[in-house]
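1. Turn this into a model:
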Amino acid sequence: MGHTSLEKIISLQRNPANIRNLCILAHVDHGKTTLADCLVASNGIISSRLAGKLRYLDSREDEQIRGITMKSSAISLHYSHGDQEYLLNLIDSPGHVDFSSEVSTAVRLCDGAVVVVDAVEGVCPQTQVVLRQAWLENIRPVLVINKIDRLVVELKLTSQEAYTHLKKILEQVNAVTGTLFTSKVLEERAGKEEEEEKEGEKSSGDQVYDWSAGLEEVDDSHLYFSPDQGNVVFASAIDGWGFSIQHFAHIYSERMGIKKEVLLKTLWGDFYLSMKAKRIMKGAQAKGKKPLFVQLVLDNIWSLYDAVVIRRDKEKVEKVVTSLGVKVMARDSRHSDPKVLLSAICSQWLPVSQAVLSMVCEKLPSPLEMAAERVEKLMSVGARRFDSLPEQTQHLKTGMRRSPSAGSRRDGDTLTGWQRRATESPPTLRACHLQDSAQLPEGCSASDDVSEIPHLSRCSMENLYLLMGRELEELQEVPAGNVLGIGGLEEFVLKSATLSTSPACPPFTPLNFEATPIVRVAIEPKHPSEMPKLVRGMRLLNQADPCAEVLIQETGEHVLVTAGEVHLQRCLDDLRERFAKIEISASEPIIPFRETVVRPPKVDMVNEELGKQQKVAIIHQVKEASQGRSSDTLHLDSSGLVTLTTPNRLATVGVRAIPLPQEATRLLESSSEVIRTLEQVNMSLREGKSLDISVRSLEAISDLKAQLESLLQGRKWRNAVERIWAFGPRRYGPNILLNSVEGYQRPSVWQCLSRGDKASEATALRDFDNSVVSGFQLAALSGPMCEEPLMGVCFSVERWDVQSAAPPQRQDSVEEDSTRHEATVESNVEGSSETSARAEGVAAGQSHARRRPEVAASSDCYGPVSGQLIAAVKEACRHAFQAQPQRLMAAMYTCEIMATADVLGRVYGVLGKREGRVLHEEMKEGTDMFTIKAVLPVAESFGFADEIRKRTSGLASPQLVFSHWEVISSDPYWVPTTEEEYLHFGEKADSENQALKYMNAVRRRKGLYVEEKIVEHAEKQRTLGKNK
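-> Okay, the predicted model is just below:
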């Protein structure tokens, strides 16, 4: 097919029934861009000879150097299928895990996806991820099994073995789809059961238990990939060939006189051709016969490879060329590389573009066939259900599902419209779907009358573009159902936005990002005068990249947070060459850590059980430490309770640090959104406002409470969930502040579940209640080890006395007054809570209303009481933390490595050197490839991929995904105490302590004191023998 003109594409845009918006998804190096090259070559944009070598849609220099796609690229292609003409808006997405946010964006824009799987490697981790992303976005996938030439040339399988291998790959892909489908059905089933239970409570009668999961009734046959359904293509994109069984069914129906419908059903499966009976019969495997697919399809391809590539038999090649009726140029047949001849034959016999594009046109939906479920999912943001949206918003659903025909544009369809910015992180807006036709009217400008709605603004589009890979074509209008580029929105859009002509349109739901930004670097310009350019460049980068985060730390550093090492390198290159266009210098990666406390260990560093002598030694150490730390305002007892008094002696706080169970920490970390919603509700209740909260949010909050209650069991956690004071840091982190103060009944954080507003408590305590929470938040944000956030720590406030202020005539009288008041407060607590509230009210009244000038002067020298209390609670939390066994927590990557058996030892060597831990390894059936799953600290991951490729000569490549936080078992403050430890580690114990190494590195970076021995004036050792 020749080159398609722009006018042709514009005319095709007007017929949405013949438009297909599709993306190519796969694991890294499975052949997406090579396949895209073949499809682009079919439109005459590039030469078919260069397809697979040029990688046309990898337009960046670093993409060409690394050989991987880093940015999604879109291109519009024209294809004639039968008597119909189609417009295909194709998006090529990256396969590397660092750029999975680009995949999320591509999936959101499309109605269908081509999933590519390597015939040798099979289903890889990223294949599962892209299938899940396609499932979550409700888009229909089709399958291309690529690199089948490797089965012939590399693995040297016979056609029969290759058939078995391909069947297994199909089973693996369908198993992933089946898992996703089952989970969805079971979720729906659980929802129905809840409704039935509620109805069952109302209606009396005999209940019969139904134990079916609901999977039997649901038809899922259309979900799976099967060649006889026409949604699978077998291909070798690098050699330019590909086929579906429809192609061969058409050929053999003419040659053999068998009906095409029969061949379509029997070409894939356990069928064979009986030459005696001249019939197709079932049971090929049981009778030891060749399946029809092997006999009629694979044998032909294998014999072609055998003649052209393996044996180079010229006579046989000539026979094949004649029988296939293809024309081969003389220079191709004489070429020294047999692959050139093979590609020349195959691209005419079984053109891959024709097989894939015809499958896309037949099996993928047009924009008009958009599922109602998908529209509802897009418009139901957060915990809101579609039914609960305003009527005007619900009416937009019909507008999104139908497309106005060409020529019937209304004035309201012009997109000088409303733009709503979603508060979370929805898709990047390099391209977007429009629900009405977009047109650039003459002289349009955004009016200023924007109603006071947060995140809603009115804007005008300046340019519309057709995306053509490396180029943009400017257009005047784009009908609905197309993918396009929009210019002139950089002032209104941060990372993404939802554009609509109606202000009733809600922001679309945020994307499902698989990668978490974890790698951060500080950036500064080489010349300080260029700082404004850097700031502007980082703002543009933040807009352009859906996964990158840009922030300014308290120290004033500009920090860039990215998903991984490759992503970081791409962002830095973008800053230098595209956005800031200045020389920049980046720091070493800033590795995040967390600080935590653990239970006292039962064994020492040489795995000897701690005996009585050792326990006595530990108690002595604690006593010595407590004597060392004790002062007139701070007291630490042997049980770990820290009591701290404010400098003006008006308030005393007692805090104890307790390690949270690991499961509870994980739950709090994964439920941060729910805790944030809970905090917003509580804040509005404290301010006396009523906040409408959805049923789903209330259910999520009650689930969180129930799960916490089940995890926090035992004597010390009795009634702990009801006594939660706050979460931290930033009010939604994985640490808890517990209210264990006798006689202080504050409103529960779960009060939104009870639906009853309790009366506010004593005003004095309510005034300073926030100060205690603020002190805890500060302590949780930066721990004492290396100023990193805490994780999995519960601070229990066991004492909190607020004393009355008195005129400071003499120091003695102040002390007497404070002790007297402390006694009265304690007696009140023992008596009744009512009298204590009254006493506190009187104390507050004295401190506020009857404050004398000299008292005010005395409190001024220490600052306000609330500020002193914040500082006191923070210090008490830090000392309570230090009274327990402290540990660092490291961020961990899950590492998936595919390697051949001969380099397995080297892979293990690199993992061992970098503190990695292998979880399991398994051999891929039918290949010599091993899949190794390991965990690796983020701190040790820099340069890991390069080192593993060098050590294995490129035969192993890792995929790193952030997984979890893990406690480093070694104590950074450990010193030998027992005789065995002295014998094993020596008196200095200067063997490397991993936790201490990490801790000192962070302290050094932050400019904190690091305890290390430095030789200042070293003298050279004199050797008397040399001086003779």
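
2. all helices for the stretch 551-700 of the chain, in order.
-> All helices of the stretch 551-700 of the chain, identified by DSSP state H, counting those that start in this stretch, fall at 565-574, 612-629, 662-670, 672-686, 695-711.

3. Now mean neighbour count and distance to Tyr908 too, for the ones you listed, in a markdown table please.
-> (Each C-beta comes from the backbone N, C-alpha and C, glycine too.) Output for these, formatted as a markdown table (neighbours: other Cβ atoms under 10 Å; distance: least, Cβ to Cβ, whole Å):
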| stretch | mean neighbour count | distance to Tyr908 |
| --- | --- | --- |
| helix 565-574 | 21 | 21 |
| helix 612-629 | 12 | 36 |
| helix 662-670 | 18 | 28 |
| helix 672-686 | 18 | 36 |
| helix 695-711 | 16 | 36 |
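
4. Would you reformat the ones you listed as a markdown table and include distance to Thr4 and mean pLDDT?
-> Output for the helices of the stretch 551-700 of the chain, formatted as a markdown table (distance: least, Cβ to Cβ, whole Å; pLDDT from 0 to 100):
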| stretch | distance to Thr4 | mean pLDDT |
| --- | --- | --- |
| helix 565-574 | 31 | 92 |
| helix 612-629 | 78 | 45 |
| helix 662-670 | 49 | 92 |
| helix 672-686 | 46 | 85 |
| helix 695-711 | 48 | 87 |
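
5. what ranges do the helices span in the stretch 151-300 of the chain?
-> In the stretch 151-300 of the chain, the helices defined using DSSP H, counting those that start in this stretch lie at 159-202, 245-256, 260-266, 292-293, 299-305.

6. contacting residues around the fourth one?
-> What that stands for is helix 292-293. Tyr163, Pro227, Ile245, Thr266, Leu267, Trp268, Gly269, Phe271, Tyr272, Leu273, Ile280, Ala284 (Cβ atoms under 8 Å, 6 or more residues apart in numbering).

7. Surely Pro729 touches Ala780?
-> Yes - using Cβ atoms under 8 Å, Pro729 makes contact with Ala780 at a distance of 4.1 Å.

8. Look at the two and report which has more neighbours.
-> Ala780 (28 against 18; other Cβ atoms under 10 Å).

9. in the stretch 751-900 of the chain, which segments are predicted with low confidence?
-> 755-767, 804-862 (pLDDT under 70).

10. dump the residue contacts of Val114.
-> With Cβ under 8 Å, 6+ apart, Val114 has these contacts: Leu22, Cys23, Ile24, Leu25, Leu35, Pro141, Val142, Leu143, Val144, Val356, Val360.

11. Which strands or helices does the strand or helix carrying the third one pack on?
-> This means Ile24. Assigned by DSSP states H and E, Ile24 belongs to strand 19-26. Other helices and strands packing on strand 19-26, by 3 or more Cβ pairs under 8 Å, 6 or more residues apart in numbering; DSSP states H and E, are helix 32-41, strand 84-92, helix 100-109, strand 112-118, helix 125-136, helix 352-363.

12. now that strand against helix 32-41, angle please.
-> Calculated by axes from the mean of the first three to the mean of the last three Cα atoms, to 10 degrees, strand 19-26 forms an angle of 150 degrees with helix 32-41.

13. I'd like the average pLDDT over strand 19-26.
-> When pLDDT is averaged along strand 19-26, the result is 93.
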